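Chemist: just coords:
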């Protein structure tokens, strides 16, 4: 309540001073002083004692004024009261009218505001964060001057508060000072509530600054929204006008398009007419060529006869020759005229086809055969050198006359680049090089004139035959040789005119091999890539990719691998908008594939696909796929993701900061979602997490990803370094001089600060969540820290990295090289409670020792810190055993790194020779936990001498602590020399006769596993015991001997099943059952514990035991007593239904099968 009263009083003081109600404030000052509330009157005292507000000379002048006497004041008061009574009546009437008008006006304003607020809600949603920020940043004075109704509400609330608080004089003064408002009448409004000021206070304190000023700012924004609405309406009118203009243009273009289409049809009809005229001209040309050929033959014949004629015919022959020449010239002129007409016709066809193609392009009609070009590209007029050059073109055009009518336009328009496309130009050019000049050549051409090949029909026919035959041929070709059919299949797919046939052939291509291996898939994909290059984007999208993606749900993973490969390799040959939509969705489906190789291929091909994306719209989806692949249960998929996909995403998206932020959140989230180790609130175990196999794998992979991202972080820190001149001069970017400039805090370096502010903080939180057994994850963090120190250098390690970790474990650190603006975040890592301190020792100390001080340049500093931790910490009496064990666990983790063994053993020897009992016990504990991380040589040269020294200590606590360490060494090493030393030391402990030492020795030795050689020895000994028991079973034993000797011996043997042959085990169980008189189960339960102890001790200290010497001749306890029992048997009555002979025969029959095996017989001997 005191806080509430103080807050309300401060609100009233602020209001009075801001509204310049000085008399009321002065009266409130005196009443506060009278009540003894000096603390609330401090501001008022300062205000009224301020010379700037109340100059001393002015105060002295006021003091000199005349003071009125009470009588005159009373008379004046009565006069004023009379006038006031009249004025009050008039004022009351006016106020009633005003109140009615205000109520009506307020109702209308509320209706208007509601309508405007509804219309402005949608327009303010997108700008809400910026508006809220501006409101939050704006001071209260920005609200503007108080309105009349606001002033009235606040004055009434203050008057009410002064009366309720008991400040009546202040309330009277306030009433007189507020002259322009009647504070006795408070209209019925939302602000008129009982105890109003307290309600205002609670309402303000329970809401944010945005909510408190939202209503006020809404009124101011209404005008701006009205103006915006008007501008939008104006813009809408302009758009409507533009729409009308655009519709008019569209109508005009539609009419133009219709006219163009009509012209196109006319041009097509003209083209058909011209083609028919061309065919007619070709026929005429062929006839002329035939006539020329016959004339040339006549000329040759006449020249041949000319040599045999007499000179009498010279004049006649010359006249005939001249006539022939004139006839030839006239024929050549006719040929040139026909060729000129042919050229004009082809030009017209070419221009009409060009117009047709341009119109089709304008209408976005894509032609499927992209290899077609105008005939003008290859049909050029050729100069006639000799008439024989026209022989082959005659054959070509003859063949064109036999084509079907529907194929005629294609034959005219297509190019002759391939053998099945009207090869006019190519053959003509070859013919020009080999012009026949003799009779043989002329005769050959004349023979071929009517029987020439038909290239166009032959090409299409060949493709048709190939397409029909391939599906029938493929199943009968050996699988290993089917790739040889790929050129034929590709040729048929590329050139066949029918789309359904092409689809069938493409299906055959992808199903060529049932389960293609890697090499076969490579051949098929190379064929697909080549085919995609030739057929273009549209056919790749409509024919090639659908056939490929039909295999996405195929039962064989090899076929699904083809789909994954196609996503990366065929994406280059499709439109950009297909790549980040359809192809990306296919990759996303492949990421969920159950086969590991398919998921690996999906990751690899997604990395190939990213550079081909036209924009960054799908970045976050790709990033999500990357994290999904990174947490895949297969190591191969993870490796591909980290090595290929992760760098590709960084290079493509350039959003390294976002990846790092998401990665850190995933790392912490994976651990925090796991259940706690204990449900006891406030304990250390309640902060540790039990990691499942999936969570442990995810954390390991994410930490590995963090290590993969470190070079990118390092490179970005170098690129964004604001001290480039210093780095260039010193040759290193993170030198001490650069860190000094960075510590000044005058520049921002976010890429550099991320490492020690965000990354280290996340790793420290993770380390405090990991229990002791999670050494693999802790080792992964350590390797990352060592990589950081190697990347950023020794200066960074010394001045920034080491102080952060020292603060995190609660030690003092020098933060000189860390900017002041992040000191608070670094100091926030310091543990504040006892639980936090222990968590720091458990989780952060191992990282400090192995990951920070364990770097290559900090060996001496590590040795000093470890010596201080082990030698200095053990001398403190307040150090608890739990704290010591936590430090021992940190040293154990440090021993997982072999390079630190020498230093640790040097410090351990100092602890062993110390005079402090606690230090020696800690040495034994450390040796016990580091045994699994050393080899036999280190155990012989360092560990055993230290343990023998500790085992010889006079202090019993030190001696007992060394027994546990001896047991740990015995469990991990089977070297004869080590075992002998341990046996001697154990014998020494047993000879002391101490009960505690005996129990510790027995506990350690019974928990020691047995080696394989010891099992063989025990098996031989067990066979000998079984033979002896069988012999004893054939004799008459007393009940006492059976109960005290025979049954315990059999029970001991049965407790070691590894040493017993199955036949022997069965025989022993029968003997035990018969000799125990039906109490076999009871004996097993009652005597199990005792016999188990005896059996374990026999196994360990007997001839074949772990610690028994080969030269020991003393037999175990139970076998030593068996001859005595056998030497003095007491006759016992045999059961009526069973005799000794029957038992012997039954046991012999059981063992007969074992005797049949020569190997087992030799082993028993």
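Modeler: Done, it's in. Source: prediction; values computed, not measured.
Chemist: ramachandran angles for residue 689?
Modeler: Main-chain torsions, residue 689, degrees, to the nearest 10: phi -120, psi 140.
Chemist: for it, give its distance to residue 702.
Modeler: To residue 702, residue 689 is 15 Å away according to C-beta to C-beta, to the nearest Å. Glycine gets a C-beta too; all of them are placed from N, C-alpha and C.
Chemist: quick one: list the elements packing against the biggest helix by length in the chain.
Modeler: In the chain, assigned by DSSP state H, the helix with the most residues is helix 209-306. If contacts are counted by 3 or more C-beta pairs under 8 Å, 6 or more residues apart in numbering; DSSP states H and E, helix 209-306 sits against helix 70-125, helix 128-137, helix 314-362, helix 391-400, helix 408-413, helix 439-448.
Chemist: mind checking the SS state of residue 186?
Modeler: Per DSSP: H, G, I helix; E, B strand; the rest coil, the local secondary structure of residue 186 is coil.
Chemist: model confidence score at it, please.
Modeler: The pLDDT attached to residue 186 in the predicted structure is 82.
Chemist: residue contacts, it?
Modeler: Counting by C-beta atoms under 8 Å, 6 or more residues apart in numbering, residue 186 touches 152-153, 156, 192.
Chemist: roughly how far does it sit from residue 498?
Modeler: Using C-beta to C-beta, one gets 93 Å for the distance from residue 186 to residue 498.
Chemist: circling back to that earlier point, nearest to residue 1051 among the contacts of residue 186?
Modeler: residue 192 (97.2 Å; C-beta to C-beta).
Chemist: so that closest one makes contact with residue 157?
Modeler: No - counting by C-beta atoms under 8 Å, residue 192 stays clear of residue 157, with 9.1 Å between them.
Chemist: just want to know which of the two has more residues nearby.
Modeler: Each of residue 192 and residue 157 has its neighbours counted (other C-beta atoms under 10 Å); residue 157 has more, 23 against 13.
Chemist: quick one: that one from residue 171, how far?
Modeler: Distance, residue 157 to residue 171, using C-beta to C-beta: 12 Å.
Chemist: shared neighbours, those two?
Modeler: Counting by C-beta under 8 Å, 6+ apart, nothing touches both residue 157 and residue 171.
Chemist: so where's the stretch 951-1100 of the chain uncertain?
Modeler: 993, 1005-1015, 1077-1100 (pLDDT under 70).
Chemist: still on that earlier bit, what angle separates the longest helix of the chain from helix 70-125?
Modeler: 20 degrees (axes from the mean of the first three to the mean of the last three C-alpha atoms, to 10 degrees).
Chemist: average pLDDT across stretch 170-177?
Modeler: Taken as a whole, stretch 170-177 has a mean pLDDT of 82.
Chemist: list the contacts of it.
Modeler: The contact list for stretch 170-177 (C-beta under 8 Å, 6+ apart) reads 16, 21-24, 26-28, 31, 155, 158-159, 162-163, 183.
Chemist: buried set for that stretch?
Modeler: Buried residues in stretch 170-177, counted by 16 or more other C-beta atoms under 10 Å: 170-171, 173-175, 177.
Chemist: and residue 33, how many neighbours?
Modeler: 14.
Chemist: in the host helix or strand of it, which residues are buried?
Modeler: Assigned by DSSP states H and E, residue 33 falls within helix 22-34. Applying a neighbour-count criterion of 16+ other C-beta under 10 Å, one finds 22, 24-25, 27-29, 31-32 buried in helix 22-34.
Chemist: next: stretch 607-617.
Modeler: Those would be 607-610, 613, for stretch 607-617 by 16+ other C-beta under 10 Å.
Chemist: which one among the residues you listed gets closest to residue 974?
Modeler: Among the buried residues of stretch 607-617, and counting by C-beta to C-beta, the member closest to residue 974 is residue 607, at 50.0 Å.
Chemist: sec struct for the closest one, please.
Modeler: Quick answer, by three-state DSSP: residue 607 is helix.
Chemist: check which helix or strand covers residue 670.
Modeler: Per DSSP H and E: helix 656-672 holds residue 670.
Chemist: thanks again, I'm all set now.
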